[in-house]
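Trainee: mind looking at a prediction? Sequence and model below.
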4 protein chains.
Amino acid sequence: MREMPPSHPFDDDKLKEECGVFGAIGLTDAANFVALGLHALQHRGQEAGGIVSHDPEVGFNSARRFGYVRDNFTKASLMDTLPGPLAIGHVRYSTAGSKGQTQIRDVQPFFGEFSMGGAAIAHNGNITNANALRKELIERGSIFQSSSDSECIIHLMARSLQRNIPERMKDALRRVEGAFSIVAMTRTKLIGVRDPLGVRPLVLGRLGDGWVLSSETCALDILGAEFIREIAPGEMVVISADKGVESFQPFERTKPRFCIFEHVYFSRPDSILGGRSVYETRHAIGVELAKEAPVDADLVCPVPDSGTPAAIGFSQQSGIPYAMGIIRNQYMGRTFIEPTEQIRNMGVRLKLNVNRALIRGKRVILVDDSVVRGTTSRKIKQMILDAGAAEVHFRIASPPTAWPCFYGVDTPERSKLLAANMSEEEMRAYLEVDSLKFISLDGLYRAVGEAKGRNSEAPQYCDACFSGEYPVAPSDMIANGFELKAAE
Amino acid sequence: MREMPPSHPFDDDKLKEECGVFGAIGLTDAANFVALGLHALQHRGQEAGGIVSHDPEVGFNSARRFGYVRDNFTKASLMDTLPGPLAIGHVRYSTAGSKGQTQIRDVQPFFGEFSMGGAAIAHNGNITNANALRKELIERGSIFQSSSDSECIIHLMARSLQRNIPERMKDALRRVEGAFSIVAMTRTKLIGVRDPLGVRPLVLGRLGDGWVLSSETCALDILGAEFIREIAPGEMVVISADKGVESFQPFERTKPRFCIFEHVYFSRPDSILGGRSVYETRHAIGVELAKEAPVDADLVCPVPDSGTPAAIGFSQQSGIPYAMGIIRNQYMGRTFIEPTEQIRNMGVRLKLNVNRALIRGKRVILVDDSVVRGTTSRKIKQMILDAGAAEVHFRIASPPTAWPCFYGVDTPERSKLLAANMSEEEMRAYLEVDSLKFISLDGLYRAVGEAKGRNSEAPQYCDACFSGEYPVAPSDMIANGFELKAAE
Amino acid sequence: MREMPPSHPFDDDKLKEECGVFGAIGLTDAANFVALGLHALQHRGQEAGGIVSHDPEVGFNSARRFGYVRDNFTKASLMDTLPGPLAIGHVRYSTAGSKGQTQIRDVQPFFGEFSMGGAAIAHNGNITNANALRKELIERGSIFQSSSDSECIIHLMARSLQRNIPERMKDALRRVEGAFSIVAMTRTKLIGVRDPLGVRPLVLGRLGDGWVLSSETCALDILGAEFIREIAPGEMVVISADKGVESFQPFERTKPRFCIFEHVYFSRPDSILGGRSVYETRHAIGVELAKEAPVDADLVCPVPDSGTPAAIGFSQQSGIPYAMGIIRNQYMGRTFIEPTEQIRNMGVRLKLNVNRALIRGKRVILVDDSVVRGTTSRKIKQMILDAGAAEVHFRIASPPTAWPCFYGVDTPERSKLLAANMSEEEMRAYLEVDSLKFISLDGLYRAVGEAKGRNSEAPQYCDACFSGEYPVAPSDMIANGFELKAAE
Amino acid sequence: MREMPPSHPFDDDKLKEECGVFGAIGLTDAANFVALGLHALQHRGQEAGGIVSHDPEVGFNSARRFGYVRDNFTKASLMDTLPGPLAIGHVRYSTAGSKGQTQIRDVQPFFGEFSMGGAAIAHNGNITNANALRKELIERGSIFQSSSDSECIIHLMARSLQRNIPERMKDALRRVEGAFSIVAMTRTKLIGVRDPLGVRPLVLGRLGDGWVLSSETCALDILGAEFIREIAPGEMVVISADKGVESFQPFERTKPRFCIFEHVYFSRPDSILGGRSVYETRHAIGVELAKEAPVDADLVCPVPDSGTPAAIGFSQQSGIPYAMGIIRNQYMGRTFIEPTEQIRNMGVRLKLNVNRALIRGKRVILVDDSVVRGTTSRKIKQMILDAGAAEVHFRIASPPTAWPCFYGVDTPERSKLLAANMSEEEMRAYLEVDSLKFISLDGLYRAVGEAKGRNSEAPQYCDACFSGEYPVAPSDMIANGFELKAAE
């Protein structure tokens, strides 16, 4: 069943984090805090957002909308329908160009009424055995209202024989494989869970007498909340007015594998992940890149905005001046409704313009965070050359992206990933640039603080998109024919 | 869980049919035919409408909207999203001012994916044991997405062990009590069902090579479809491209009890119910009223528009001239969004105006279809007196409405029904009119063609709203404390 | 300059009154009263509406909207922007299918700032020398913002050398030819004017301490205002808080010629025109018709809703039973936005349905108010025959419409008027009905109270649409090639 | 007369350029190119935009909308209403919080029909004798439809006795004082004019066989148009299909005084003004600042985004590392509709977040483009201190803004300008920072390429906002009581 969303995503050749989550308890009109938190997490999902709140007087309330948080969840007329001291919310990105588009019913949080009361749940990540679970649940008579993998969790909870919701959630999560950071709520409790590997982030904050859970610390800052700690991989916290924060370990212990790409691109530069400033990590990547792949040139320019910290690092390490060679149009939204033909053909020029006077005659190093299909990189290179650059050198702040992510990131299928099909030199030739260098996997590990680089026996992070080594078998995808990397 | 609808109903003191249903199979772009059918059934539900269609290429599609059919389901941009040769639809009215307002998720048709394929369902009526069924299903782990009684049917179907959808529907309906006329669809079949008593109408029509199901015949006329027959009480028809119309009898046979109020008010005057023209029945009611309760007067005026046929009948029987003493504003919608204080206080004057020049000094007989709370009747009487009428006589085309309907009609609770609390003379005094007469129950039966009147041993119709004799025990309501009429 | 309106009119083959006007002074939040008055006048113009108000604190305010009054001017959020004790408003219909569609800038009232203060003006009617005036004003440097004839008046006022606004308006109106009923306002005065012939209606009412001006009395009723008197042809009233109602005679006296078609169709049946109830006049037309053109038949049916009073009169005079043979869909709006192909082809079936059971086998007299192009009449005849009628007789409550109106009514060009091209018998043959009769011009005059019928030397009414005798020469149209009726 | 705009501006304590203009001729569907040009000029006016086009078949068409260009003028359904090979457009910012809000009728371009055909006009700048002109025109009977100063020009043109539109425009402009860059159009000509001082920019570009006029070169880049030259101060160009670009000099020659603040803040960094790259000028300002006002510190951070180029220059000159200490939320729009109380109180935190991990314990130099009221500077300082900075030093890339601009920039009244009331040291104390330094006026002139600094006898630029020396007397403001700087 499809219902059409109001807008068509504007593809810009980046991997997309699919979700951000936020929850608040013990705060007057908690939904307002959730809305602000989601606004700060908007980079994790721009297509749609939802909030569920609970008020002892009026029960559960819900609102789900396509579009930015700031365009929906800042209006008094909407927020007044979400009263109460407890709320959770979600922003999401959907897989553009694939089978279909998000329906409003796919927008989280999901809500279910159980025999002992209702619960709402939102997650960031991806359940890798969702298809199999869904099939099994439908056989038993469950009715799914969405195409979202998350809905499995709520059905598993509904069928659990446990007598309270945290226990039901444990039951459910033991059937689930994959990567997930969950915020959930009952009438009186705010719940946070990270999968055993801790692939996606989730942090705990304190605001006055209340508590908040957030995908990233930047959303604590917007509220003025204090950053307490990360939820640990495999941990479940249950937060209530009377008992405060209780911690549980519903899963078997395993060695964590946090997503290294959160450092490279997904998270905001002002967030702190695993005790490290994202900005500083990206700056360090630039420094590593300058060491690994130096080149004689006149200017170091970021591809805005995500390449900026690495470009600054590259400049400072290399001594080559940093400059804004490409200017981003601040008034560019990501979508157009029923656009004219001309708009459809404009592509990257709607968003980016080359600073022609600066670039003319110069040897330019462009620092970008990643290369996915390579389509945008080619257009940017062409813009730089059209502006009269003498040489164009690409330096990429991540290793070649050769494998799709199955843990909550929207990746093109493997055949469309440039690095899955070409060597570095082939990619350079395809992009028609003077040089192209990616940071090495070891270099990236050094930048995130692993002085000895990657432990190839037991990698410290999930780096499947670079290495093809998947810490959780993507069973639905394998059933669909996806081939894992051959053992070496 | 609530989500707010965009509008606030404008209460006008009438009983409200809660639903109309329509389905079509074997027609190019069937959803367009369903939309036109629903437009013709709009009087059965003005708050919201929904359509589900199925196309072999793209699968099931759905759209649900608040507001009139003509404002939503006439737009090419929406209808283009509902392709395929098979579709069903629904219009609904919601209970205003009671527990809350309709959410878009309560708008039918409902859809469920089963292990052998999906099905959508829409119904007109009310399931009187829905609360009990819902509780039982939640205990077993079903998750409800709406507060609608209809959703029970789809969950019961999901849990059925039968291997095809018509059989699953039979399974489900055997657990269900109450009044219902259902249209449902699978990927290849259009299904129609009436409850064993046949309380709500459902008719079959033929249009070219296709078939349609409709609540009323007036919706066949708008399409130019041929009226084939009524679906019989207790009958299930399964219509497919290859086998045409197949008829089944899933229920035990019982004596039918069609809703007599459909004749009095709910159905459109140009529909045919049980082989009788609704217009002619209402005209006959006016004739009966003039015989039962004659009065000397100068003019017979209908309360527009529902009292018109009975007023014409009254005039023709009595010889007192018929006149349009009250004029209805054609541009009156039923709802206002965030109205000014002044609008809120205007009440009936926004909709009706007295033809002062005509009324002045006259003895006026006002013919109305029913008296519910009496609030509007009082206002109309006052308008007539303010215009200078010499006398005001009310003649009501139905017996006193003293009991709530639990079979798909929105009725105020019993304590608010004027006739539940007052005798006819007390009502006359309360309305401050010169005379007030209701048609007798026997007179009404005669007008619908029962020459001997009501068979009090085995009434031919459901007349619970007048008699308090409920043909199906309203078990949820009894569990909530509703007291049946004491045995006499 | 065009800006597109949001909707496309749904042509239904009727002459269309182009405007209704309303003004109020001395009432708290006068704009709310104006809105209610305009709602009651909506039949005079359904496309758009506008209100200008003045508050001593905040000055002039304005709102203009496409769509019904009830959908725009009932919202607190809009009405709060129109404060103050003085306001005027306007509803308009635009000429569909002709040169183009209304722009929001063509929606009245118009406002102009003069050297001694601002004024707003709205009118009902048509200025027959507007093109010539406009050309002259543009030559002198006036800039027109609309394509409306009304804007000429405000430019003429701006250029007047008089020192107060009523005097400027007199100056302006002496240059203007045609038919107009004006409501206007300054910061402190409400002004009403009727052209010397008094072609269009305008009435004065009293509400508490305030005064209102309205096109029709039905808009006084909705407010509970007292009907004081009609503004006299050629009269200007200037109403202020301190001096009350002052009356002026800015024009040379001439014999009035009120529009007789206001009685036949334009005005609401509950209005009083020239001391006569519109409903009773229409009833009398039906009586005259039955005398002039009797026919043996089984049923008299109105074409809803405008033919209803005449049909009742015809039935009462002839003794043939009155019946609702055609049912109107109450949920039919007049416009569709981007409709599907199917909707576009539905035509009259979307609005009307035949009461088949009633009509079958019967000889039916259909009473309609007028025949314009004949297109709708043909469709209705066909519907009646398809339902099985034995005979169809048309009786028309007006003489043949053979000439266009240039005084504020939207008429097709002469070549498209059926009666301009055919005799009565040719029309009967074209419509393929058993008989067709129009009321005679004398019969119509008798029905409006002229016992001796039409005074052909000095007709008592403007009946140009029937007689081709234009009381004011349509000079712009003559300049465009329109040929007056040849002298006989 | 007011009509309310749909949104409320979110004040962020910056001077605001009030307008951008763009025109195109000789291009298929010119309005599409104008829309893209306006999108690239959105920084010059975010509140509303308008486009007028002309097509030989359908004449002039117009659309004006509140909101961003990309949200309105990218839709096929709107752009299809603006056909033809000739179009002009305008984006505008309105003065928030002052007398009122923009009405849609104040949105340019303005259109007037003259005796020899119509013309549309849009301008960037401000007419300093508009009030006096308006009064004079109203006395003579002109009717103004807007409160915009630009409308005077079109009325002066309407009253000109010249026989063609370019000559009428010359007539009109000779009565006008102030700063203006105009794009205008007739049915066949695109016209560009700059005032004699050339205060506001206007450039000419070539695109295929067509021509474009634009406020800035960045809007040529988005189209891929070639930058031909600037329109000279005092020049009028008339561009037609047959004669190409004709140049006229309607004004007396005078020494140009281009707005120096266009270099500092208004223009986009990728534009070229007076042959100089805006980015490089801002970088040079940073270099000058580092020379004039060095300070020992750990980091140089821009206040995003406008302080970025100067911060880079400061860093490169001083050797102190450049870092992104403040992160801007990319999903921040500038307005909220009916915001919650909480949103209203959030202020700058909605837009900016401090990179806490980076800032903690550091001595930070913040580089901003200007200080207006000082309100935002105080908040930013506080955020930096809250994040644990050891010292905060402000370096401002413009001299103290002590005088309002009357040439098309929205400035607070003089009493609200921090620098009008305080010395540099008082401002430092008020902002509570460790040091505060503005670039000197001479330093700024050096950065824009005047090696000898400002020529105080005959300043090369308009720098009235810094110096109080107004090159054109602001006569309306003087009439309203504004006091010029006392002669020294």
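Mentor: Nice, I can see it. Since the model is a prediction, treat every value here as computed from it, not as a measurement.

Trainee: from here on, just use CA atoms for contacts and neighbour counts.
Mentor: Will do.

Trainee: helix, strand, or coil at the nearest residue to residue A:419 once chain neighbours are set aside?
Mentor: Spatially, and ignoring its direct neighbours in sequence, residue A:419 is nearest to residue A:402 (4.8 Å; CA to CA, 6 or more residues apart in numbering or on different chains). Assigned by DSSP: H, G, I helix; E, B strand; the rest coil, the conformation of residue A:402 is coil.

Trainee: what about residue A:402, how many neighbours?
Mentor: A count of neighbours around residue A:402, defined by other CA atoms under 10 Å in any protein chain shown, yields 22.

Trainee: quick one, grab the pLDDT at it.
Mentor: Listed pLDDT for residue A:402 reads 96.

Trainee: next: residue A:313.
Mentor: pLDDT, residue A:313: 98.

Trainee: for residue A:93, same thing?
Mentor: 80.

Trainee: got it, and residue A:336?
Mentor: Residue A:336 carries a pLDDT value of 61.

Trainee: related to what we said a few turns ago, ramachandran angles for the residue nearest to residue A:419?
Mentor: Main-chain torsions, residue A:402, degrees, to the nearest 10: phi -110, psi -10.

Trainee: count the neighbours of residue A:234 for me.
Mentor: 22.

Trainee: name the nearest residue to it, sequence neighbours excluded.
Mentor: residue A:196 (3.7 Å).

Trainee: residue A:161 and residue A:168 touch, don't they?
Mentor: Yes: Residue A:161 is within contact range of residue A:168, at 7.3 Å (criterion: CA atoms under 8 Å).

Trainee: one step back: so the residue nearest to residue A:234 is in which element?
Mentor: Under DSSP states H and E, no helix or strand contains residue A:196.

Trainee: against residue D:360, how distant is it?
Mentor: 33 Å (CA to CA, to the nearest Å).

Trainee: these two: which is more packed in?
Mentor: For residue A:196 versus residue D:360, neighbours defined as other CA under 10 Å are more numerous around residue A:196 (24 against 16).

Trainee: so residue A:77 belongs to a helix, correct?
Mentor: Yes: counting by three-state DSSP, one finds residue A:77 located in a helix.

Trainee: re earlier: residue contacts, the residue nearest to residue A:234?
Mentor: A:233, A:234, A:235, A:251, A:252, A:253, A:254, A:255, A:256 (CA atoms under 8 Å, 6 or more residues apart in numbering or on different chains).

Trainee: where's the nearest residue to residue A:201 once chain neighbours are set aside relative to chain B, distance?
Mentor: Once flanking residues are discounted, residue A:201 sits nearest to residue A:215: 5.5 Å by CA to CA, 6+ apart. Residue A:215 is 25 Å from chain B, where distance means CA to the nearest CA, to the nearest Å.

Trainee: element containing the nearest residue to residue A:134 once chain neighbours are set aside?
Mentor: Of all residues not flanking residue A:134 in the chain, residue A:152 sits nearest, at 6.2 Å (CA to CA, 6+ apart). Using DSSP H and E, residue A:152 maps to helix A:151-159.

Trainee: could I get that helix in PDB with only the CA atoms?
Mentor: Listed next in PDB are the C-alpha coordinates belonging to helix A:151-159 (Å, rounded to 0.1, in the frame of the first residue of the first chain):
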ATOM      1  CA  GLU A 151       7.300  -2.500  13.100                       C
ATOM      2  CA  CYS A 152       8.500  -6.000  13.700                       C
ATOM      3  CA  ILE A 153       9.700  -5.000  17.200                       C
ATOM      4  CA  ILE A 154       6.300  -3.800  18.200                       C
ATOM      5  CA  HIS A 155       4.600  -6.900  17.000                       C
ATOM      6  CA  LEU A 156       7.100  -9.100  18.800                       C
ATOM      7  CA  MET A 157       6.400  -7.200  21.900                       C
ATOM      8  CA  ALA A 158       2.600  -7.500  21.500                       C
ATOM      9  CA  ARG A 159       3.000 -11.300  21.300                       C
END
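
Trainee: circling back to that earlier point, can you count the residues close to the residue nearest to residue A:134?
Mentor: Neighbour count of residue A:152, defined by other CA under 10 Å: 27.

Trainee: next: residue A:245.
Mentor: Around residue A:245 there are 15 residues (other CA under 10 Å).

Trainee: with residue A:236 instead?
Mentor: Neighbour count of residue A:236, defined by other CA under 10 Å: 25.

Trainee: next one: phi and psi at it?
Mentor: Per-residue torsions, residue A:236: phi -120, psi 130 (degrees, to the nearest 10).

Trainee: same check, this time on residue A:363
Mentor: Torsion angles, degrees, to the nearest 10, at residue A:363: phi -90, psi 120.

Trainee: counting neighbours, what do you get for it?
Mentor: Neighbours of residue A:363 (other CA under 10 Å): 20.

Trainee: contacting residues around it?
Mentor: Contacts of residue A:363 (CA under 8 Å, 6+ apart): A:297, A:298, A:299, A:389, A:390, A:391, A:392, A:393.

Trainee: surely residue A:27 meets residue A:83?
Mentor: No: here residue A:27 lies out of contact with residue A:83, judged by CA under 8 Å, at a distance of 10.6 Å.

Trainee: and the two? Which one has more around it.
Mentor: Each of residue A:27 and residue A:83 has its neighbours counted (other CA under 10 Å); residue A:83 has more, 24 against 19.

Trainee: hmm, the more buried one is touching residue A:29, no?
Mentor: Yes: between residue A:83 and residue A:29 there is a contact under CA under 8 Å: 5.4 Å.

Trainee: secondary structure element for residue A:193?
Mentor: Assigned by DSSP H and E, residue A:193 belongs to strand A:189-194.

Trainee: try residue A:167
Mentor: Using DSSP H and E, residue A:167 falls in helix A:165-173.

Trainee: residue ranges with poor pLDDT in chain A?
Mentor: A:1-12, A:94-102, A:333-338, A:488 (pLDDT under 70).

Trainee: mind checking the longest strand of it?
Mentor: Scanning chain A for the longest strand, with DSSP state E as the assignment, gives strand A:117-127.

Trainee: next, the buried residues of that strand.
Mentor: Within strand A:117-127, the residues that count as buried by 16 or more other CA atoms under 10 Å in any protein chain shown are A:118, A:119, A:120, A:121, A:122, A:123, A:124, A:125, A:126, A:127.

Trainee: ok, stretch A:286-294 next?
Mentor: Buried-residue list, stretch A:286-294, by 16+ other CA under 10 Å: A:286, A:287, A:288, A:289, A:290.

Trainee: how much space separates the last one from chain D?
Mentor: What it means is residue A:290. For residue A:290, the distance to chain D - CA to the nearest CA - is 16 Å.

Trainee: circling back: is chain B contacted by the helix or strand just after the helix holding residue A:167?
Mentor: The helix or strand immediately downstream of helix A:165-173 is strand A:178-185, counting by DSSP H and E. No: against chain B, strand A:178-185 shows no contacts by CA under 8 Å from any CA of the partner chain, the least distance being 13.6 Å.

Trainee: what about the strands in the stretch 251-400 of chain A?
Mentor: Secondary structure of the stretch 251-400 of chain A, counting by DSSP state E, counting those that start in this stretch: strands at A:258-259, A:272-273, A:276-277, A:299-302, A:326-328, A:335-336, A:352-354, A:363-368, A:391-396.

Trainee: packing partners of the last one?
Mentor: What it means is strand A:391-396. strand A:363-368, helix A:375-386, strand A:435-438 (3 or more CA pairs under 8 Å, 6 or more residues apart in numbering or on different chains; DSSP states H and E).

Trainee: with the first one instead?
Mentor: When contacts are defined as 3+ CA pairs under 8 Å, 6+ apart, strand A:258-259 sits against strand A:461-462.

Trainee: the strand it packs on: what's the following helix or strand?
Mentor: Defined by DSSP H and E, the subsequent element after strand A:461-462 is helix A:464-467.

Trainee: give the next helix or strand downstream of that following helix.
Mentor: Next helix or strand after helix A:464-467 toward the C-terminus (DSSP H and E): helix A:475-479.
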